[in-house]
Structure formats: C-alpha cells, structure tokens
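[1] What would the 3D arrangement of this be:
(2 chains)
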Amino acid sequence: MTTVVESQKAPVQVSPEVKAIHRRMLRRHRLTRALTYLVGILISLWVLIPILFITSMALTTPAEVRAYPKGILPFIPLSMETLEFFLSSRGIIPGFRNSIIVALITLVLSILIAAPAGYALSRFIFRGRDVFRLSILAVRAFPIVILSIPLAVVFLRTGIYDSVYSLALMHTALALPTTILVLSSVFSSIPYELEEAAMVFGCSPAQAFRHVVLPLVMPGIAASAIFTFVLSWNEVFAATILTIQNRTLPAQVLVTLNQSSEPYQFAGGFFMMIPALIFIYFIRRYLFNMWGQISK
Amino acid sequence: MTTATKPKGRKNINWAPYLLILPSFIYLILFFGWPMVQGLILAVREEGALLTLHSEAELTSTVAGQLTRGSQVDILGQQGNPIPQEEAGHNALLTEVWFRIRGEDTEGQPIEGWTPERRIRVRESDANGKPVAGTVRSILSANADPLTRVYGEADEGSEVVGQMEARAPVEILDQATLEVWFLISGERGNETVEGWVPSRYINPLGDGTRGRIEAGDKSQLTTKYIQSMVNDRFFWPALRTTLLLIVLIIPAQFVLAIIMALVIQADLKGSGIFLYVFAIALGVSDLAVGILWYSVFTQAGYLNSILQSLGLIDAPIIYLSADTRYWILIAIWLAEVWRATAIVMVIVVAGMQAISREVLEAAEVFGANLWQRVRYIILPLLRPSLQVALILRTILAFQVFAVVIVMSGGDVMTVLANETYRQYYELRNFNVAAAYASFILLLSMVTSLFYLRAVRTQEEAVE
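    Numbering: from 1, shown residues only, chains lettered A, B, ... in the order given. Predicted coordinates for the structure are as follows:
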C-alpha cells in the first residue's frame, strides 16, 4: 500500500506490470475480505437463528406455539400471552427472586474475597505465589458435580439445606477461582508506577489504592462481577441438588420440565437467556483480558 | 509484572500478600477442598456399618466385640442407663423414666429413693405437666413380688434402700430418663459375640428375645456403593454416551472456534458485532440452550415446519424418541457445539492476540496461503491456549446435564452427570451419587493428565 501512496507523490513512472500486480493483490485482498465477511455472517446466522426461533415463540400466543407448521416469519402475532403464562406459573416469580438474590450474594462475596487475592497475585512476589496460582488453576479444572453432593449432605446435617444463602456459598466457591485470576489480570494492567507516584506525592498505600488504582480498575471489576452474576444465574446442577422449596429459576424450570407444556418451556428458555444477551454486550471487550490470563 | 517486594530477607518477610490471599484460601479450603474430600469419603465409607458391644451397660466400659448391621441377635437382658436430656428425642430410642420419690416403706419409716415410672401411678401434676404426687401401683401378676423396690440410684443395679406397699402415697421429687440397654449375643463370622448395646441400635422382634441390628456406631470402608454404581443398568449407557459426546463435540468446537477467531482477528469493519454475536452463547445456560434446540427438534418444531413448508415431508417426523436415539444425539451435539464453542473461541482469540503481527505478515509476503498460515504458524503458536481450552472443555463436557434432560427426559439417553442427579434426587442414594461424582472427578483428572502428557511428548518429539 505504501508504494502506491509514494508513487502518487513522486511522479515516478510505474510500469504496467507493477500496476497489474498491485491490482491482483488488491483483488485478492478484497476477495479474502468478502469471504471472511461471508463466513462471519454465516456463523452469526448459526448463532442468531435459534435465538430468533425461541424469541418469536416466547413473544406470541400459546396457540401459535402449539400450531403446526409454524410460520417461519417471527412475532406473528406479537403477544405477551406466552410470557405472561410462564411468569404466572407456580414457583416462577419466587424462583426469579431467589435467582437474583443468589446471584447478587455470589457477586458481592466473590468480589470481596477475590479482589485482595487478585491484588496480591499481581503486585507481590512471595513464597508460595506460584503454588497458589497453580492450585487456583487446578480448582478451576475440577468438576462441580462432585461438590454438590457432599455439600448437600453437610448442609442437611447442619440444617442450612434448601436455603438461598447456602446455595450462594456454593456458587461463590465456583466463581472464586475465575474471579481471582481475572481480577489479578485487571490489576496487572494498571502500572505499579502510578501507585508509586501517588505515594511519592504523599499518599499512604491505602490512599494510593483508593484514589489512583480503584477508579482505574472499576470497569474491569464491574465486568468480572457481571460475569459472576451470569455464572450464578445459569447454574443448574448445584441449584437443583441444594434446594427443594427455595428453587432458583433454572432449577424450578428443570424439575417441572417433564410435566410442563411447550409454551411454558419456550418462554422459560427465552426468559433465562435475556441476561446473557444484555450482559455479554457490556463485557464483550473484557472477555479476552479475562480468559487470556486464564489460559497462560 | 510489577512488584513491590522489598529485598528478600529472612527477618523481613512481607506479610501483606499472605493476609490478602488468606480469605480466598480459607474459603476454598472450606467450600472446595473439604467437600471434595467428603465426596470421596461418602463414596467408599458406610456409616454405621458396625455396632460396638460393651462388656457392661456403659459406653466407657471395655469393648466386648463388634457385630455388622443387619445381623440377627438374641436379647438376653436389659437395663436402664441415664442419658443426657438432649439425646432423649432420638427416634429409635427405647427409654425408661425413673422417679425420685419420698414416702413410707413397709415398716412405716420415711424413705427416699428411685423407682421406675411403671411402678408409680401419677395422681397430681403441676402447671407444667411435671408429676408431683402419686401412688405405688399394685402388681396384679400372681408370681411377681407384690412389693415395690426403691433404689438408691436410678439404676436397677444399685443398692435397694427399701420396699413399699402397693397403693402407698408418694411425693414425686424428680425424674430421670434412662435409655434401655440390651445384653445381646450374635454371630460374626464363626465367632459368637456377646455384650451390652444401647437400645437405639436394636429393633426387637416378636416377644423381645430376638432382635435385629438396625444401625451401627462405627463406619467401615466399603466398595458396595461403587459396585452398585457399576451394576446400575444406566451406568454403562451413561458412560458410553458421555464419552461419545466428548469425541463428537470437541473436534467440531475447535474447528468452529478457530474459524470464529480468524474472522474476529481479520480486522474487519464491524468485528465488534461479530465478537458480540459469537460470544452470546457464553452467557446462556445449558438448560436454556437445551430448550432452544428443543424448539427446533420437537415434533411441531421448526425443523419439521421448514421441511413441510418446503414440501419435503408430508407429516411431521418424530425426532426425539427412544426409536430415534441418533436424532437425540444429533440434537445434543448441535446444542453443545452451539453453546460451548464461544468459550473456546475466546481462549483462542486471546492466544492469537499474543502472536506477533510481523510473523503472520512475513508469512503472507512469502506467499503462504491461509491454510498454510493456520497449519504452520497459528496452530503451533496456539498450542498452550488450545491445551487449556481442551482440558477445560473436556471437563465441562463430563458435566453435560440439562441439555440431555431436555432432549430425552433423562431416561432414553443418559449421561454420567444425569445419573449423579438421579441417584441423589430420585433415589435419594447419597453414597451412590457420591460414587458417580467421584468417578467423574477421576475421569476428568485422567483426561487432563493425558492431554498434558500427550502435548509434552509431542514437543519432545519435535525437539
């Protein structure tokens, strides 16, 4: 490209052969771009079409949901009836409330516990640092299912079974390793020199953290918090094992799945998906920071 | 990486980082390490498998032997023993109540001592329902001693302080709850064991001379939960389906994820939109994804609707039934590829961002086509990221659960996580559920180690 620009500046005669090569390269470049767009659009359709299906099912009348063959055009007729039917079913509103409570407690707890550890991992070199890092990575690699069963037995014995609070404790344990690693990478992205400069100008370490680091890491922490929220909101297995009366939304939908009608199921699937659609939009830029750190 | 540590010295340890990681450390021990160990223990230990027999009716007395739960025993005798008040609520407990009474003995002398509740008829109680006065019961049986013994302590083995006539009035001063102890004898192996045990462990049968050990007080290592897991009729199908799904899902995910990553890394206008769309599935639960694809494959679903409106079929096809398991498998496969490719994509993109532009541009200048660049530059440099993604995905694939329940109701086609759930939730068989969970843990660890080793030997071979 630069040669083209230079050739415009200086009136150097460019031979037709060179021009032809440039044209060919440009054409190939455009072709590649067009192909990449095509592939990108195809994959986007693969992701979006099922979402479109379930959305149009959830936002129409139950009669239309049961109809066959279904119209491929979505939202005809557009109606809140199916969604209202789902939301007025037994256990859905309490389940929704429980899900929110569990996710919020999980979010607050895991950020409060993980932030100091993430800060320590990014700012200090200490004996046992690598062991701690590695064991957190290892914890991430354990299956959750094995945790739910013994925790359920322990919760039963101690009388805190079937409570949103004990479920939040479990979800915090699930979210903690990821949150620690993500926050450590968030802190690492803020140069220590900034803190040092603040301390040179008379801040205490705590003040330097409060006035210099905190404002800079807030977006990263917020992204991590949102991710924790989504993780807890989506978690099905532990929620089903650890609760009976105080079910979260996914657990309630799962246990009633076999006895429920299709309008209920589709509206439930749509309803559970909404936070993902909203939250992933806000944190999409942070995803690679988060997971890039984890894969190192 | 910036650091703030002072020069290392033995006297000058910086405690700040340790204080900072302490909360998360404690939390992970409490809610991760400990339950993990508990889970393994649940799978191999039977609680209350053995009952300890004592030489006397005292927990502190010497051990006379042990019998296994479920054995039939002869009951040779019984005796009451004081127990703490909080244990009195134990449901299998056979108890006796004793009263401390004051009255006149057969000679008209004042007497104070203990006697079993069954020898006293309570006549008066206070406002709290506590008995305060009564009379000695008359004994109707012909050959029984007509007099009621009064003991020095609430124990039939203690000294007799006097005897009382029937119908003599008494003042009830105090009461004590006793647990009955049985003197039992039973066989273990070829040995006969005899000793005293608390009644809570024994279920007396018939006239009370025979009994069965209902529970024990000692646990025992056992393989019976693992055996009942392996012998379960769903075990092998579940294992087979789980492994089959892993083999089918993971390669497809990696190919798709690498293509997605190449699209995002191509610096197109609007790559932010592609990124968002590709990442949406990251936030959708497996239950919601299951329902999403169920709407495609159900009998009145979108696939049939489309085929019908194109005129390719006349009547709706039933996909998700016991006769068409392969369709269930395809539906689960599509749902899992749809959902979990996003996480691989994110890891791959993060890895690609670390590959320097110059290398790729150099390759392009020297005429390497896209396939050659992917095969000889991107993939080798991505190996660490791919390894992490592979381990993460395999472990998550062992936990596939809600999708399978949505597509098959959990019976027609089943996976290991679903069996864990069934054992726990439907059959209330905590130990077998823990055995399943431990088995999943074992499989995850074995595959992780396998990946780590496989990648390392490959590297060595290259060198």
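
[2] Which residue ranges make up the domains of chain B?
    As given by automatic domain parsing, the domain ranges for chain B are B:50-222, B:228-462.

[3] Out of these, which is closest to chain A?
    Of all these, domain B:228-462 sits nearest to chain A, with 3.0 Å by C-beta to the nearest C-beta. For glycine as for every other residue, the C-beta is placed from the backbone atoms N, C-alpha and C.

[4] Let me know the average pLDDT across the closest one.
    Across domain B:228-462, the average pLDDT comes to 87.

[5] just stretch A:24-38 next, same as before
    Computed over stretch A:24-38, the average pLDDT equals 87.

[6] Just the C-alphas of it, formatted as PDB.
    What follows is stretch A:24-38 as a C-alpha-only set of coordinates in PDB (Å, rounded to 0.1, in the frame of the first residue of the first chain):
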ATOM      1  CA  ARG A  24      -4.200  -8.500  -8.500                       C
ATOM      2  CA  MET A  25      -3.100  -8.200  -4.800                       C
ATOM      3  CA  LEU A  26      -5.900  -5.700  -4.200                       C
ATOM      4  CA  ARG A  27      -8.400  -8.000  -5.800                       C
ATOM      5  CA  ARG A  28      -7.200 -11.000  -3.800                       C
ATOM      6  CA  HIS A  29      -7.300  -8.800  -0.600                       C
ATOM      7  CA  ARG A  30     -10.900  -7.800  -1.400                       C
ATOM      8  CA  LEU A  31     -11.800 -11.400  -2.200                       C
ATOM      9  CA  THR A  32     -10.400 -12.600   1.100                       C
ATOM     10  CA  ARG A  33     -12.300  -9.800   3.000                       C
ATOM     11  CA  ALA A  34     -15.500 -10.700   1.200                       C
ATOM     12  CA  LEU A  35     -15.000 -14.400   2.100                       C
ATOM     13  CA  THR A  36     -14.300 -13.500   5.700                       C
ATOM     14  CA  TYR A  37     -17.400 -11.400   5.900                       C
ATOM     15  CA  LEU A  38     -19.400 -14.300   4.400                       C
END
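
[7] would you say B:D74 is within a helix?
    No: under DSSP: H, G, I helix; E, B strand; the rest coil, B:D74 sits outside any helix and is assigned strand.

[8] hang on, the earlier thing: want to try a markdown table for the domains of chain B, with distance to chain A and mean neighbour count as columns?
    A markdown table is the format used below for the domains of chain B (distance: least, C-beta to the nearest C-beta, whole Å; neighbours: other C-beta atoms under 10 Å in any protein chain shown):
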| stretch | distance to chain A | mean neighbour count |
| --- | --- | --- |
| domain B:50-222 | 14 | 16 |
| domain B:228-462 | 3 | 19 |
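
[9] so what's B:L307 up against?
    B:313, B:317 (C-beta atoms under 8 Å, 6 or more residues apart in numbering or on different chains).

[10] show me where pLDDT drops low in the stretch 1-150 of chain A?
    Applying pLDDT under 70 to the stretch 1-150 of chain A flags residues A:1-12, A:72-75.

[11] mind listing the strands for it?
    Taking DSSP state E, counting those that start in this stretch as the test, none of the stretch 1-150 of chain A falls into strands.

[12] Which strand or helix spans B:T52?
    strand B:45-54 (DSSP states H and E).

[13] Need the contact partners of that strand.
    B:61-69, B:184, B:193-197, B:201, B:213, B:215-222, B:224-225, B:431.

[14] Out of the domains of chain B, flag the one nearest A:I180.
    The closest of those to A:I180 is domain B:228-462. By C-beta to C-beta, the value is 16.2 Å.

[15] quick one, strands of chain B?
    B:45-54, B:63-68, B:72-82, B:95-104, B:110-116, B:120-125, B:131-136, B:148-151, B:160-164, B:169-188, B:191-198, B:202-205, B:210-213, B:218-221 (DSSP state E).

[16] what are the pairing partners of the third one, and which direction each?
    Right, the one you point to is strand B:72-82. Here strand B:72-82 is paired, per DSSP bridges, with strand B:169-188 (antiparallel), strand B:210-213 (antiparallel).

[17] Can you give me the domain assignment for chain A?
    A:2-58, A:90-294.

[18] which one of those domains is the most hemmed in?
    Of all the domains of chain A, domain A:90-294 carries the top mean neighbour count, a mean of 20, counting by mean count of other C-beta atoms under 10 Å in any protein chain shown.

[19] residues contacting A:A239?
    Here A:A239 is in contact with A:102, A:167, A:247-248, A:250-251 (C-beta under 8 Å, 6+ apart).

[20] and it, which of the three is it?
    helix.

[21] Now distance to B:R393 too, for the contacts of A:A239, in a markdown table please.
    Converted to a markdown table, the contacts of A:A239 look like this (distance: C-beta to C-beta, whole Å):
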| residue | distance to B:R393 |
| --- | --- |
| A:V102 | 26 |
| A:L167 | 26 |
| A:R247 | 29 |
| A:T248 | 25 |
| A:P250 | 21 |
| A:A251 | 25 |
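
[22] so which of these also contact chain B?
    A:P250 (C-beta under 8 Å from any C-beta of the partner chain).

[23] Go through the contacts of A:A239 and name the one nearest B:S285.
    A:P250 (5.8 Å).

[24] and the closest one, that one's in a helix?
    Yes: counting by three-state DSSP, A:P250 is located in a helix.

[25] I figured it hits A:E235, correct?
    Yes: assessed by C-beta atoms under 8 Å, A:P250 is found in contact with A:E235 at 7.1 Å.

[26] shared neighbours of the two, anything?
    Shared contacts of A:P250 and A:E235, counting by C-beta under 8 Å, 6+ apart, come down to B:S285.

[27] before we move on, back to that, now for the contacts of A:A239, which pair is the farthest apart?
    The span of the contacts of A:A239, defined through C-beta to C-beta, is set by A:L167 and A:P250 at 11.5 Å.

[28] measure B:G70 to B:N231 for me?
    Distance, B:G70 to B:N231, by C-beta to C-beta, to the nearest Å: 20 Å.

[29] middle-most residue in chain A, spatially?
    Centroid-nearest residue in chain A, with C-alpha atoms, centre = their mean: A:F227, separated by 4.1 Å.

[30] tell me the SS of that one?
    Under three-state DSSP, A:F227 comes out as helix.

[31] which residues touch it?
    A:178, A:182, A:279, A:283, A:290 are the contacts of A:F227 under C-beta under 8 Å, 6+ apart.
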